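build the 3D model from these lines:
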Amino acid sequence: MKKDFTFTIKSIRFDENYHPSDNTRITTNFANLARGSYRQANLRNALKMIDNSFNALAHWDNPKGERYSVELDIISVDIDIEGSGQTFPSIEILKTNIVDHKTNQRIAGIVGNNFSSYVRDYDFSVLLQAHNKNQPKFSIPDNFGELHGKLFQSFVNSNIYKQNFNKPPVICLSVSDNKTYHQTENNHPVLGVEYQPNESSLTEQYFKKMGLQVRYFMPPNSVAPLAFYFFGDLLNDYTNLELISTISTMETFQKIYRPEIYNANAVAGKSYQPNLQNLDHSLTQIVYDREERGQLAHEQAKFTEEHFIKPYQAVLEQWSASYAQ
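Residues are numbered from 1 along each chain as shown. Predicted coordinates for the structure are as follows:
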């Protein structure tokens, strides 16, 4: 059996002219914005929010708040299981680049940020649901997330990743609305005040199988903490500008998709439980259909089952069993 699977990377600029490709995960944050009659206004407004947020955080030597702008590339990763050239879309992530208009430099940002995965859709929308059907108490299947975690680590350790990106990924997600987060004394100049959850979440456990640790920070100017998933040392492996590129990008998406938490009118206190029923929040000027997004996630999970999990099940199980961490 061949030692490893082959990954290929495609990159497309996310700007106001962006159109999702036919095989993109249409539940993805950026793809959802780029559809319908408000498409171009949505994209323009979201990108302007990102730039404004970046300049507010990178305020030194930036008196007018317009020194920087952020460029975003959508990175689509396909996987070839049999070495036949037949590929399946595995994950989509975002790459940030920073444009310094004072020095006319382009500075590499962070890869990761947003994280979309067909196999993760399958795990949560098919496998987990089937496991708990007609069960009196919720439980997690044995080996839940292990295949996905190994596929992700295989990609990050691959030559193609190292040829394209010079640092490990950082993924930034919203906090869980069924956990309580407690403020600590730790305060970082860019990431802000650190919070710690009262218990581990299923998402934390799932991402741990991908090799990722998590820390929770509420950046300056923010109203709720964000979850940062990373390898290594989040606070020392990345520059302030790199971290700001992730914060400004992902907090903008969260303000659009989770306004009850990230566009709330009150700032998280020392003990904070996110609430998706919070009515005291503001809406952005960006049109978004949350209900449709949930339906599409289930459709894509079924697509993964039919075109990836079932056809390659024996190969995937054998590979996963022999994969060296």
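
for the stretch 201-325 of the chain, which spans come out with low pLDDT?
Counting by pLDDT under 70, the stretch 201-325 of the chain has low-confidence residues at 287-294, 324-325.

which residues in it form strands?
Using DSSP state E, counting those that start in this stretch, the strands found in the stretch 201-325 of the chain span residues 213-218, 226-230, 271-272.

nearest residue to the middle of the chain?
Compute the mean C-alpha point of the chain, and by CA atoms, centre = their mean the closest residue is Asn114, 2.5 Å away.

what lies in contact with the strand or helix carrying it?
Using DSSP states H and E, Asn114 maps to strand 105-117. By CB atoms under 8 Å, 6 or more residues apart in numbering, the surrounding residues in contact with strand 105-117 are 25, 27-30, 70-71, 75, 90-100, 148, 152, 165-167, 169-173, 229, 238, 241-243, 245-246, 249-250, 253. C-beta: built from backbone N, CA, C; applies to glycine.

quick one: the helices in the stretch 1-150 of the chain?
29-33, 39-57, 118-122, 128-132, 146-156 (DSSP state H, counting those that start in this stretch).

out of the ones you listed, nearest to Asn263?
Minimum separation from Asn263 across these (CB to CB) falls at helix 39-57, 10.5 Å.

mind listing residues that contact the closest one?
Against helix 39-57 from outside (CB under 8 Å, 6+ apart): 14-18, 33-34, 62, 65-70, 72, 98, 190, 219-221, 244-245, 247-249, 251-253, 255-256, 284-288.

ok and it relative to strand 105-117, angle-wise?
Here helix 39-57 points in a direction 120 degrees away from that of strand 105-117 (axes from the mean of the first three to the mean of the last three CA atoms, to 10 degrees).

what's the average pLDDT for helix 39-57?
The pLDDT scores in helix 39-57 average 89.

figure out how far that helix is from the centre of its chain.
Centre-to-centre, helix 39-57 and its host chain are 18 Å apart (CA atoms, centre = their mean, to the nearest Å).

in it, what counts as buried?
Judged by neighbour count using 16 or more other CB atoms under 10 Å, the buried positions of helix 39-57 are 39, 42-43, 45-47, 49-51, 53-55, 57.

what does stretch 6-20 give?
Applying 16+ other CB under 10 Å to stretch 6-20 flags Thr6, Phe7, Ile9, Ile12, Phe14, Tyr18, Pro20 as buried.
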